[in-house]
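Novice: Compute the structure for the input listed below.
(one chain, ligands or ions: 2)
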Amino acid sequence: MCLAHMSGMNNNSKMVDTSPVTDESSGLDKPDCKTNGVKYRTITGVCNNILRPSEGEALSRFKRYVKPNYRDGIGAPRVYSARKYCRRFFWSKLRCYNKRLPSARTVSCAIHPPRKVTSIHSVMLMQWGQFLDHDITATAVQQPDAHKAGDDCCKHHYIRFGKLHPDSLKRNGRCFPIPIVQWPADPAFKSNCFDFVRSRPVNPAFTRSNPREQQNLLSSFVDGSNVYGSNEETVRRLRDSKNGKMKTSSGDLLPRGNDDSCILPKNKFCFDAGDERVNVFPGLTALHTVFVRLHNYIVTDFTKHNRRWNEERLFQEARKIVSAILQRITYTEFLPEVLSDATMNKYKLKEGNNYQYNSRVNPSIASVFATAAFRYGHSLIPDFLVIDGKPVKSRLLFNNPEFIFTSLKSVVENILSNPAELRDRFMSSETTEHLFEQQDGPFDLAAFNIQRGRDHGLPSYNAFRKLCKLSPVTKLTSPLSDVYSSADDVDVFAGGMVEENLPGSELGPLFNCIVGMQFSDLKFGDSFWYETKDKSRGFTNAQLRAIKNVSLSQILCQVLDLVDIQKNPFRTVTKQNKKIKCKRLKGLKLSPWYEH
Ligand code: HEM
Ligand SMILES: [Ca+2]
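Specialist: Ligands and ions are numbered 1, 2, ... in the order given. Prediction:
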C-alpha cells in the first residue's frame, strides 16, 4: 500500500551542520598550501590540489556535469512539466497553463514499489556502498527555522488544498514539502504531506551566472574521512592524543557519541565516528568499527617496531595505510561488482603500474552523483537481517545501534551470508513506508531522493543521457508514462533506476557512466592516490606490495576474529565462492614500514 504518514523530517535523515554558514567567497578558497615535504593528507582535503586547493575540500561546493535546471534559472526548484497544459473555452483564445510535475511521492509509488528479487551479491555490497558514500558525500541542509518550532513545512494551509507551498516557487525558499496526492486517502495517514527542508546553499547570494549550489560537508576523496572526520574538531574528538590510536569504548567498540539521534539502547549510547550517520544501520556501524580496529592494530604494531615514532607519526602513518586500503578495496573489489567491465576499462579504474595524477581533474563530487546516481544503493537494502538466528526487520534496525553492543559478529556474519536485493527500480517498503518509523517517521526514501533532485535543480534524465552519449528517450513507456507527461520531465533518479542492468553490472547504462566518471575523477584527481609515483605522498614499492596483498575478507577475519569467510565478501557463498579458513588468508605485512 503506497501511503505513509510522515510527521516532520528530523536530523536523522539529513546531515544538519551546526557550523556557521560559510560563504565560499569569504576567502576560504585561498589557503596557502605547502608544496614541499607534504607527507600526509589534510583532514579536510584542502591542498590536495595545490593549484586549486578547495577542490574536494570539506564544505566546498558540489560540481556539475550538466548545468543546473532551476525553474527560474537561479535557484527555484523544478516543479512544472516541460509540457504546458492548454485549453480553449468557446468564448476565448487558447490558454496555456503550467502543468505540475507529479509529486515525488506519486513517482515513488509508481516507479519504486516493493518487489523482492535477491541477487548474487551479499548484503555486504550494499553495506560497503553506504560506508563508501559516507566517506565522500554529505549534503548540508539548512538549520531548522529558529522562529518556528521544528520543521513545519507541512503546516502551511496551502498544502491542505493541494497547492504548492509558496516557498516551493522561490529561489531562496526553505520549505519544499512533498504532497501526498493519492486518493482515496489511506485512513492510516494523519497528513497529506511529507515535510522536506531544502539543502543549504553554499553561495547565499545566487544569481543567474552563479545559480544556487549545494555544499558537501565531507572531504570528497576516498581517504577515510568517515573514520577520522572531515574537520579538525572531529578528528581531535576521536583521536587518543596519548598514543596515536583512535578512541574506543568497552568491548573495543566505537567511542560514545554525545548526540541522541539514534534509538538509545537501555544503559547504552549512540556511537561517534568520522561521519555523523554512523548509527543509521548496524551493518554500517560494524564497518566503522572494523576500520577503527584496523587503525589501532597498525598503531599497536608500529609502537613495538618503530619505537622512535611519536604520537603524531604513529597516527598519520596508520591513517595513511587505512586510507590506501579503503581505496584499494573500493576500486579492486567493490567497483568491479557494481560497474561493467567495459566501464572499468573505459574510465581506467583497474589497478595498474602506471598511475598518473592529473592536476586538471576536479575531485569534487558531482551533484548528480550524490543526489541521484549513487543512491542506486537504496534499492539493495534488504527487508531484514538475521541476528543471533532471529530475523529482525530493517525498520527496527534504522538508527538502532543496539545489536552492535550485543551481536557485532552476528551482524557481520549475516551481512556476508544474506543475499542483497537486486539493483532494480524496486525498493523495499522498509525504506519507502517504514524508514525511521521508530523515531519521527515513517519516511519515504525514494520520494526524498526525487524531491532532493528537484531541490538541487538537477536537469532531467534526458539531459544526462545526452551527457553520456546515450540516445534520449522520446516516447515514454510504462512505468514512466504512468506518472510523467513528457519525456523531458523524468527525474534522473527514477529514469536511471528504471534502466536494466548492463551485463556483469548492478547498474544500467546511465548510472554506469555517471558513477564511472565520478570514480575516475576521485582517482586521477587525488594527489595522494595510493599508487602515486610521488614518493613523498605515496608508498615505497615494498609498502605498496604489502597493501596490494590486503583484501576485505582478510581484514574482517582479523579484526572480528572470524573462523572462515568467503573469498569474495560481496557475493554470497556458492561453489565458485567457497568459504575458506581465515588462517589461510595472508594478513597485512607491516615490516616494510619498520625503521631499523
Ligand atoms: C540502511 C541503509 C540506508 C539508509 C537508511 C539510507 C538513508 C538515507 C537518507 C535518509 C538519505 C538522505 C535523503 C535526503 O533527504 O535527500 C540518504 C542519502 C544518500 N544515500 Fe542512503 N541510505 C542507506 C543506504 C545507502 C546505500 C547502500 C547507498 C549507496 C550505495 C546510499 C547512498 C546515499 C547517497 C549517495 C546519499 C546522498 C548523501 C548526501 O550527499 O547527503 N545509501 N540515505
Ligand atoms: Ca573523504
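
Novice: which bits of the stretch 101-250 of the chain sit near ligand 2?
Specialist: Taking CB under 5 Å from the ion as the measure of proximity, the stretch 101-250 of the chain contacts ligand 2 at 135, 219, 221, 223, 225. All C-beta atoms are positioned from the backbone trio N, CA, C, and that covers glycine.

Novice: out of these, which touch ligand 1?
Specialist: Filtering these for proximity to ligand 1 by CB under 6 Å from any ligand atom leaves nothing.

Novice: which of the residues you listed count as buried?
Specialist: Using 16 or more other CB atoms under 10 Å as the burial test, those include 135, 219, 221, 223, 225 as buried.

Novice: Among those, which one lies nearest to Leu416?
Specialist: Leu416 has its nearest neighbour among these in Asp135, at 20.9 Å by CB to CB.

Novice: one step back: so which of the residues of the stretch 101-250 of the chain next to ligand 2 are in helices?
Specialist: 135, 225 (DSSP state H).

Novice: Quick check: the gap between Gly56 and ligand 1.
Specialist: 14 Å (CB to the nearest ligand atom, to the nearest Å).

Novice: same check, this time on Thr343
Specialist: Remark: distance between Thr343 and ligand 1 (CB to the nearest ligand atom) = 16 Å.

Novice: Please identify the helix or strand for Thr521.
Specialist: I think there's a mix-up here, since residue 521 is Asp and not Thr. Element membership for Asp521 (DSSP states H and E) is helix 509-524.

Novice: which helices and strands does that helix pack with?
Specialist: The helices and strands touching helix 509-524, judged by 3 or more CB pairs under 8 Å, 6 or more residues apart in numbering; DSSP states H and E, are helix 341-346, helix 367-371, helix 461-467, helix 492-498.

Novice: between these, which gets nearest to Lys242?
Specialist: helix 367-371 (36.9 Å).

Novice: quick one: is the closest one near ligand 2?
Specialist: No: using CB under 5 Å from the ion, helix 367-371 stays clear of ligand 2, coming no nearer than 12.5 Å.

Novice: So what touches that helix?
Specialist: Contact with helix 367-371 is made by 62-66, 68, 137, 139, 214, 216, 449, 452-453, 456, 458, 464, 492-493, 514-515, 518, as judged by CB atoms under 8 Å, 6 or more residues apart in numbering.

Novice: and Ile365, what is it in contact with?
Specialist: Neighbour list for Ile365: 62-63, 136-137, 216, 220, 518 [criterion: CB under 8 Å, 6+ apart].

Novice: hmm, which of those are the buried ones?
Specialist: Neighbour counting with 16+ other CB under 10 Å marks 62-63, 136-137, 216, 220, 518 as buried within the contacts of Ile365.

Novice: Going by distance to ligand 1, which of those wins?
Specialist: Relative to ligand 1, the closest of these is Thr137; by CB to the nearest ligand atom it sits at 3.8 Å.

Novice: Next one: the closest one from Phe369, what distance?
Specialist: Here Thr137 is placed at a distance of 7 Å from Phe369 (CB to CB, to the nearest Å).
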